[in-house]
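>>> can't give you the sequence, but here's the structure:
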């Protein structure tokens, strides 16, 4: 069975007509070319060239082999191109699993920017709670997890990406819209839309209330930030929400205010230690971290102006 190098030498000699020129073309010695041709002829069992007036004239069999070899060389070039694209992160598959507020908030905007220079990249996006994220990663069904609560699993590598904040959203005509900062204690005296006590956001808010010696009271119970946002937009009340969900959203008549005391929301990225992580996943992790830093809401004390 002749190999790719033998085919390359055969095609080079056919193209230029002499072993000397083929040697120059392939940057090897002329004896090496001659030896390769003799070795190939011995392997296939028939002549590949006839010598005429100092030139090597390919036999019909050699021309047939060379023609078929072009398909191999084309495929090799295609593989080399794919490898280069994978190395540069311009093609391949990126599989992400995120919590809803990230996946429906800032993440689509980051992906849109990331894909501008990577039009061939195939992206899979799944949304779920933090346990769902851990399960997807450790089973190999996703490469990159993005969440506020850090998944707790020994088979995951979890890194903090950014420290954001929880903010208060309220209808534009609500009395709280007149304040530049909302005290969380005041939420107990209005129609407060908040999260179930067994949710990560609900537990964070309860901890903040508890530090003030208060018990959280709320009028409407939800499980996800987007549900709270929709209810506020409908004029049903006010809510504390994950600030990452607001980036790039057109909130219309909804007003955003920082809260006192501030409640930090650390965004985390997670990857599995059980499966190899693609180069493109690492690239997006870095890109997303920088994107969040450049587009996230300001820290507590300032009024957001980009949402």
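Yep, it's here. All of these numbers come straight from a predicted model, not from anything done at the bench.
>>> excluding chain neighbours, give the residue nearest to residue 226 in space.
residue 104 (5.5 Å; CB to CB, 6 or more residues apart in numbering). No exception for glycine: its C-beta is placed from N, CA and C like everyone else's.
>>> now swap in residue 190 and tell me
Nearest one to residue 190, counting by CB to CB, 6+ apart, is residue 238 at 5.7 Å.
>>> how about the strands in this protein?
Taking DSSP state E, the strands of the chain run over residues 49-52, 55-58, 91-98, 120-127, 144-147, 156-171, 182-183, 192-195, 220-222, 238-242, 254-257, 259-260, 264-272.
>>> tell me, please, the helix or strand in the chain that averages the lowest pLDDT.
helix 60-88 (a mean of 77; mean pLDDT, DSSP states H and E).
>>> you'd agree residue 130 is up against residue 147?
Yes - using CB atoms under 8 Å, residue 130 is in contact with residue 147, at 5.2 Å.
>>> which neighbours do those two share?
residue 99 (CB atoms under 8 Å, 6 or more residues apart in numbering).
>>> report pLDDT for the residue located most distally from the centre of the chain.
No residue in the chain sits farther from the centre than residue 53, which is 61.4 Å out by CA atoms, centre = their mean. As summarised for this prediction, residue 53 has a pLDDT of 79.
>>> give me the phi and psi for it.
phi 50, psi 50 (degrees, to the nearest 10).
>>> how close does it sit to residue 17?
10 Å (CB to CB, to the nearest Å).
>>> likewise residue 257?
In terms of CB to CB, residue 257 sits 81 Å off from residue 17.
>>> looking at these two, which has the bigger crowd around it?
residue 257 (20 against 16; other CB atoms under 10 Å).
>>> tell me how far the more buried one lies from residue 174.
Distance from residue 257 to residue 174, by CB to CB: 10 Å.
>>> could you list the domains of this protein?
4-88, 92-161+266-295, 164-264 (automatic domain parsing).
>>> which stretch in those has the least confidence?
domain 4-88 (a mean of 85).
>>> fine by me, we can end here.
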